[in-house]
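[1] Output the structure for:
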Amino acid sequence: MGLLDQLAGQVIGSLGAQKQDPVSQSDLLSGVMGLINNAGGLPAILQQLQASGLADQVASWIGTGDNQAVSGNQIKDALGADNIAQIAQQAGVEPEHAATGLAQLLPQIIDKLTPDGQLPQNELLTQGLNLLRGKLFG
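    Residues are numbered from 1 along each chain as shown. This is a model prediction of the structure:
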């Protein structure tokens, strides 16, 4: 499990290094993981983002170069106001704060889950997400 521990450490470290809107990063991460699971996995979320006009940004997150930024409004438009409202409710914040936090968090998570510029196999991805959940939430 060395690779998965390293992945969890990288995401947790990069999350801790950033100053976000008044949104708990662990609450947002929980929401992102739920969103990914409900959508049918990471490939489904990526496809949804790409179809919403964020193909260049998603490609940069998966690729090995710098991650292109997105705005909270772009994330809200891509994922839907209902999904953002649900995540906001879970995190106990306003939807616009959740959207802004997700705009900062999603590129990092996708980048860390695709370290070689490719989507991992489903089993490895599931193990990685479960490990992140365990490290962050007990």
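
[2] CA only for contacts and neighbour counts going forward, please
    Noted.

[3] mind listing the helices for the protein?
    Taking DSSP state H as the criterion, the chain contains helices spanning 2-17, 25-39, 42-49, 55-62, 72-79, 81-91, 95-113, 122-137.

[4] Kindly tell me how buried Gln74 is, as a neighbour count.
    Per other CA atoms under 10 Å, the neighbour tally for Gln74 reads 17.

[5] gap between it and Thr64?
    22 Å (CA to CA, to the nearest Å).

[6] Counting neighbours, what do you get for Gly65?
    For Gly65, using other CA under 10 Å, the count is 11.

[7] Starting from Gln57, give me the distance back to it.
    Taking CA to CA, one finds Gly65 at 11 Å from Gln57.

[8] same thing with Pro43?
    Counting by CA to CA, the gap from Pro43 to Gln57 is 15 Å.

[9] which residues of this protein score low on pLDDT?
    Filtered on pLDDT under 70, the chain yields the residue ranges 1-25, 120-138.

[10] Mind doing that once more with 50?
    Scanning the chain for pLDDT under 50 picks out 1-8, 12, 15-22, 137.

[11] Contacts only, for Asn83.
    Leu35 (CA atoms under 8 Å, 6 or more residues apart in numbering).

[12] got it, and Ala85?
    Glu94, Pro95, Ala98 are the contacts of Ala85 under CA under 8 Å, 6+ apart.

[13] export the residues you listed to JSON lines and tack on neighbour count and distance to Gln86?
    Listed next are the contacts of Ala85 as JSON lines, based on neighbours: other CA atoms under 10 Å; distance: CA to CA, whole Å:
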{"residue": "Glu94", "neighbour count": "15", "distance to Gln86": "10"}
{"residue": "Pro95", "neighbour count": "21", "distance to Gln86": "8"}
{"residue": "Ala98", "neighbour count": "31", "distance to Gln86": "9"}
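
[14] and of those residues, the nearest to Val70?
    The shortest approach to Val70 among those belongs to Ala98, at 13.4 Å (CA to CA).

[15] which non-adjacent residue is nearest that closest one?
    Ala88 (5.2 Å; CA to CA, 6 or more residues apart in numbering).
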